[in-house]
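# Take this sequence and fold it.
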Amino acid sequence: MKNNFKLAIVGASGVVGQKIIQLLEEMALDIGEVFFLGSSSVGKDIFFNNEKFKIQDLESFDPSNVDVSIFSAGSSVAKKYAHSFIDSGGYVIDLSSEFRYDDDKLLIIPEVNGNLISNLNKPSIIANPNCSTSQLLMILQPIHKKFEIEFVNIATYQAVSGTGKAAVDELKQQSIDPDNITPKIYPKQIAFNVLPQCDVFLENAFTKEEMKLVWETKKILDPNIEVQATCARVPVFNGHSEAVFLRTKIDASKEDVIDSLTGIKGVSVIDNPTTQEYPNPIENAHDTKDVYVGRIRAQKVLNETWIALWIVADNVYGKGAALNAVQILDLLITNNKL
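Purely as a prediction, here's the structure:
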């Protein structure tokens, strides 16, 4: 293991990139040298640990200068540049969907399958899961371990921050001036509305976002779990919510489910219907690290055990994006890969 490893952050000026910087400062990892890289933002000032840096040109940067890179700049950038960083001897943690479904690439949620990092014997690309998948599997993994999940039906209610700063700005503008709306980021007005579409529609009539939940649950948790998803974009600035209905092989009561989730690192149970306590984006998705779960119910449906859950997490700072990537970096350090 190297002390004072060299790190590059690609896409540092973006919404998620800024949260990655914030988390790196908070976690105080042993970074020897850091480089901030971009394309359209070259020359912009970036502050890290009270020191000012300039964003450098990704195109001309020598990747052999770093031991590990975090890519937060989308699939096209990852596709074009990530392999050059690997070929130069460094690890790449990529937040896009570009490499998630490659059989030879790890797709990691540290609390769920982080043990796979120890098997790496050379620099590799490590993929960060989709935001909705990360918070979902943080809750499903402890339940599956005890009660064997067979089927999951999920409806997501996804904040506009998941699309980026332009979408946040569009929601603000539409909310301020609802009589003068011309949708640009989304196909329809998002303010005061709900759009049952996240990402593009595929040939099977599901959206790509919905299929990401299917593909990633099977790759990370268990290929035998069947998943059906509906993903909706809602006029919420930050914080994804999910209504989950799942069938288990082993009978479980509400108390059993709560017990399986209690004490799990990164999970907070908020479930008290009598005092109207339950997770929600306003209270639980503002620079928060935990995944919050509540509205936990168990019932028999046609003699089968079904569990209902409500899950909320910060999709930018938290497990949905920045936190998970920085936790993967920390795993590389603790597993002596840097």
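# rest of the way, CA atoms for contacts and neighbours
Noted.
# What are the buried residues along the host helix or strand of Phe36?
Taking DSSP states H and E as the criterion, Phe36 maps to strand 31-38. Residues 34-38 are the ones in strand 31-38 that count as buried (16 or more other CA atoms under 10 Å).
# Show me what that strand packs onto, helices and strands only.
Secondary-structure packing of strand 31-38 (3 or more CA pairs under 8 Å, 6 or more residues apart in numbering; DSSP states H and E): strand 5-10, strand 56-57.
# With mean pLDDT, distance to Glu255 and mean neighbour count as added columns, please give those strands in CSV.
Output for those, formatted as CSV (pLDDT from 0 to 100; distance: least, CA to CA, whole Å; neighbours: other CA atoms under 10 Å):
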stretch, mean pLDDT, distance to Glu255, mean neighbour count
strand 5-10, 98, 43, 22
strand 56-57, 96, 53, 18
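# wait, which of those strands is closest to Ile296?
Closest of the helices and strands packed on strand 31-38 to Ile296 is strand 5-10, at 38.8 Å (criterion: CA to CA).
# okay, the angle between the very next helix or strand once past the closest one and strand 5-10?
Next in sequence after strand 5-10, counting helices and strands by DSSP H and E, comes helix 15-27. Counting by axes from the mean of the first three to the mean of the last three CA atoms, to 10 degrees, helix 15-27 points 160 degrees away from the direction of strand 5-10.
# end to end, how far does stretch 301-319 reach?
As for stretch 301-319, its first-to-last residue distance stands at 32 Å under the measure CA to CA, to the nearest Å.
# Check which residues of that stretch are buried.
Neighbour count says stretch 301-319 has 305-319 buried, by 16+ other CA under 10 Å.
# avg pLDDT for the helix or strand hosting Leu329?
According to DSSP H and E, Leu329 maps onto helix 322-334. The average pLDDT within helix 322-334 is 97.
# For it, list every residue counted as buried.
So for helix 322-334, counting by 16+ other CA under 10 Å, buried means 322-333.
# now those in JSON lines, with distance to Asn65?
Formatted as JSON lines, these follow (distance: CA to CA, whole Å):
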{"residue": "Ala322", "distance to Asn65": "23"}
{"residue": "Leu323", "distance to Asn65": "24"}
{"residue": "Asn324", "distance to Asn65": "24"}
{"residue": "Ala325", "distance to Asn65": "20"}
{"residue": "Val326", "distance to Asn65": "20"}
{"residue": "Gln327", "distance to Asn65": "22"}
{"residue": "Ile328", "distance to Asn65": "20"}
{"residue": "Leu329", "distance to Asn65": "17"}
{"residue": "Asp330", "distance to Asn65": "20"}
{"residue": "Leu331", "distance to Asn65": "21"}
{"residue": "Leu332", "distance to Asn65": "18"}
{"residue": "Ile333", "distance to Asn65": "18"}
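# Point out where this structure drops to low pLDDT.
Scanning the chain for pLDDT under 70 picks out 1-3.
# what sits against Asp45?
52-55 (CA atoms under 8 Å, 6 or more residues apart in numbering).
# cool, Gly14 as well?
Contacts of Gly14 (CA under 8 Å, 6+ apart): 72-73, 165.
# What ranges does the stretch 151-300 of the chain have for its helices?
All helices of the stretch 151-300 of the chain, identified by DSSP state H, counting those that start in this stretch, fall at 165-176, 208-220, 254-261, 281-284.
# For Ile125, find the nearest of these.
For the helices of the stretch 151-300 of the chain, proximity to Ile125 was assessed by CA to CA; helix 208-220 is nearest, at 15.8 Å.
# In the closest one, which residues are buried?
In helix 208-220, counting by 16+ other CA under 10 Å, buried: 208-217, 219-220.
# Are there helices or strands packed against that helix, and which ones?
strand 106-107, helix 131-147, strand 226-233.
# switch to 10 Å and redo it
strand 106-107, helix 131-147, strand 149-158, strand 226-233 (3 or more CA pairs under 10 Å, 6 or more residues apart in numbering; DSSP states H and E).
# Out of these, which gets nearest to Ile185?
strand 226-233 (11.9 Å).
# tilt between that closest one and helix 208-220?
140 degrees.
# Confirm for me that Ala28 is in contact with Asn4.
No. Ala28 lies out of contact with Asn4 (CA atoms under 10 Å); the separation is 11.5 Å.
# Among those two, which residue is more densely surrounded?
Between Ala28 and Asn4, Asn4 has the larger neighbour count (other CA atoms under 10 Å), namely 13 against 9.
# Chain neighbours aside, what residue packs nearest to that one?
Distances taken as CA to CA, 6 or more residues apart in numbering put Gly32 closest to Asn4, at 3.6 Å, once the chain neighbours are dropped.
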